[in-house]
Every structure is written in C-alpha cells, then in structure tokens.
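Asker: sequence unknown, structure follows:
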C-alpha cells in the first residue's frame, strides 16, 4: 500500500488461483449465501449477503467483470491491506491489471467494474469498513512485476509471467517493452494440475487432491507414495518442457537473451526444468505484480498531478 496525497494506492493482482496484494495472498474463491455460515473465518458482509472468502475455486473466465465475484474479492483484498495499518475508513485508488494482450480490449470495462460504487460499506472479519473508491488504473500483468527494475534489462530479454490460468510473454529490448512481441496463452499452473489428475487416474486409478498437487508443484516433493510422486513429477516435467517449447516458438533463444520468470508458476521452472541459472532469473515473491501495480500507479498519479 502506498500513500499519494490523501489517498491510499492498493495494488491488487486478481489471479485465477490466488488474489494478491503487496502484503497478502489468499485463494480466489468465494461462496455467497443469504444466511450467516457457521464455520467461516474470512467472512465478508455486503449488500445484505454473506460471502465466504477463499472458499471453493473460481473457474477460469476471460472476462473478470462478468459477475460480482472479483468485486467482492477486491473488497476483501482492500480490507486485508487496511487491517495491517488499523485503518477502517479511507480514500482508495485501486491499481490492478489484466493479461498483456487483453489490456487494450478490456481495460475500460474492468476499470468501470472496479469503480461501480464510489462509496462502499462492508464488514470483513467482524470489522466494518467505509471505503471511498476514488480511482483505478489497469496495467499489463507480468510487466508490472519488473517495471521498477527495467534498468537491469540490458540488451534483449524475455519476460515470462506464469499464473494459474494464463502465461504472458513479453520481449524487452534495451530496457523497453516491445509491444510487437507480447503474447498471452492459456497455459498456467491450473492446466498443469488438470494434466496431473488425468495421469494419476490413467496410471494409478487414483485421485490426488488439489492441496497435494499444489504442494508438489511448489516444493518439488510431498509425503506420498513414491510411485505416485514419480507420476506427478514426470507429468510436471513434461508440462514445463511445454513452457519452453512455447518460449522457443516466440523466438526465445537462451544463448542470446536472459529469461525473467515471474508469477506463482515460477515454481514449475525452479523445480521441474533444466535451465542455466546464470541466464534464467525466477522471481520468488508471489506479490511482486501487486507491488508493481502500486509503483506504476504512484508514478502515473505523480505525472498527472494526482488526477485520474
């Protein structure tokens, strides 16, 4: 969270697997009910409804403004950031983003979606928040994570942002993003998990739960049967090899350029790929994109004298 004049800039990375702010990360899940649930710690009350935050898994959708889920998750993200500073009332400027090649087409609609209510009163974790949403900026995913580090990008580099639902690729030449060489593909960690479940059923006639799959992808191992583990890791290696095939299709050459990997899917490269560690940098901070949104919004507001 950054402060600009009398407003708070809160960066929010609306992921398909996790919602991230500069300091928080929680599952992209929400369940709505008309009556108060019994066993829910992350409960948000708004518009006479109860929203269980982090429950379930939101299905992939190319348009994040199709329903109210991401709006409710946005409120929860704002509350989490404000709670860290013991703030319950504030003027908030939202800094968010979209996949690289979707920004131009969807930016206006997503901004309108986030600004649908100028004033919002809601309760999160039994604390009432009174928020005035005074502005919003929409930036390109992935690039935001390195926006404040462009002076490190000499020559030609490839940026690879691996999320839960998408993979964004961007060439950076002489410290400048190349808009003619950016791509978005539906090739994230969720698709890898689906392939693992399929292989587990095919080879072992067994179902592996999401938590175990996530643990293996993040750590490279887990306390499960060795044959099961081998099936998972072999499948993950095959999937990760597919990432590099797609990179080569976009003219990535490890001998000519460095690769910068950001996003939660960086664990796939770290744990299951053969790569030159002197030529590949993996950002381990899952909140890097949200922090980048805040940085870019702060710079943008400064250029415009605070007007948005």
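Answerer: Everything's here; your move. No experiment lies behind these values; they were computed from the predicted model shown. Numbers count the residues shown, from 1 in each chain.
Asker: report all helices and strands that whichever helix in the chain runs longest contacts.
Answerer: Identified as the longest helix of the chain according to DSSP state H is helix 226-249. On a contact count with 3 or more C-beta pairs under 8 Å, 6 or more residues apart in numbering; DSSP states H and E, helix 226-249 meets strand 156-162, strand 167-173, helix 189-204, helix 210-219, helix 266-272. Just so you know, the C-beta spots here come from the backbone N, C-alpha and C atoms, and that holds for glycine as well.
Asker: the second one pairs with which strands, and in what direction?
Answerer: Same thing as strand 167-173. strand 156-162 (antiparallel), strand 176-185 (antiparallel) (DSSP bridges).
Asker: and the last one with helix 226-249, angle?
Answerer: Angular relation of strand 176-185 and helix 226-249 on a 0 to 180 degree scale: 130 degrees, by axes from the mean of the first three to the mean of the last three C-alpha atoms, to 10 degrees.
Asker: give me the contact list for strand 176-185.
Answerer: Residues from elsewhere that reach strand 176-185 (C-beta atoms under 8 Å, 6 or more residues apart in numbering): 99-102, 140, 143, 150, 166-172, 246, 250-251.
Asker: how far off helix 189-204 does that strand point, in degrees?
Answerer: Using the same axes, to 10 degrees: strand 176-185 against helix 189-204 is 40 degrees.
Asker: list the buried residues of strand 176-185.
Answerer: Across strand 176-185, burial judged by 16 or more other C-beta atoms under 10 Å covers 177, 182, 183, 184, 185.
Asker: quick check: beta-bridge partners of the third one?
Answerer: Meaning residue 183. Applying DSSP bridges, one finds that residue 183 bridges with residue 169.
Asker: do the same with the first one
Answerer: Residue 177 has these beta-bridge partners by DSSP bridges: residue 172.
Asker: and it, what's its pLDDT?
Answerer: In this model, residue 177 is scored at 91, pLDDT.
Asker: and if you look at the last one?
Answerer: Reading off the per-residue confidence, residue 185 sits at a pLDDT of 90.
Asker: separation between residue 142 and residue 229?
Answerer: Look at residue 142 and residue 229: by C-beta to C-beta, to the nearest Å, they are 31 Å apart.
Asker: quick one, which of those two is more surrounded?
Answerer: Between residue 142 and residue 229, counting by other C-beta atoms under 10 Å, residue 142 is the more crowded of the two (31 against 17).
Asker: would you confirm that that one contacts residue 101?
Answerer: No: with contact defined as C-beta atoms under 8 Å, residue 142 does not reach residue 101; the gap is 10.9 Å.
Asker: now do the shared contacts for those two.
Answerer: Residues touching both residue 142 and residue 101 by C-beta under 8 Å, 6+ apart: residue 168.
Asker: could I get the helices and strands packed on helix 226-249 as TSV with mean pLDDT?
Answerer: What follows is these, written out as TSV (pLDDT from 0 to 100):
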stretch	mean pLDDT
strand 156-162	95
strand 167-173	94
helix 189-204	95
helix 210-219	94
helix 266-272	96
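Asker: low-scoring stretches of the chain, by residue?
Answerer: 60, 62-63, 305-308 (pLDDT under 70).
Asker: the longest strand along it pairs with which strands?
Answerer: Counting residues, the longest strand found in the chain (DSSP state E) is strand 127-140. Sheet partners assigned to strand 127-140 using DSSP bridges are listed as strand 89-98 (parallel), strand 119-124 (antiparallel).
Asker: so how far is the helix or strand immediately after the longest one in the chain off the chain centroid?
Answerer: When you say that, I think you mean strand 89-98. Per DSSP states H and E, the first helix or strand lying C-terminal to strand 89-98 is helix 103-114. Helix 103-114 sits 17 Å away from the centroid of its parent chain (C-alpha atoms, centre = their mean, to the nearest Å).
Asker: show me what helix 103-114 packs onto, helices and strands only.
Answerer: Using 3+ C-beta pairs under 8 Å, 6+ apart, helix 103-114 sits against helix 69-84, strand 89-98, strand 127-140.
Asker: figure out which of the ones you listed is closest to residue 223.
Answerer: Among the helices and strands packed on helix 103-114, the nearest to residue 223 by C-beta to C-beta is helix 69-84 (30.8 Å).
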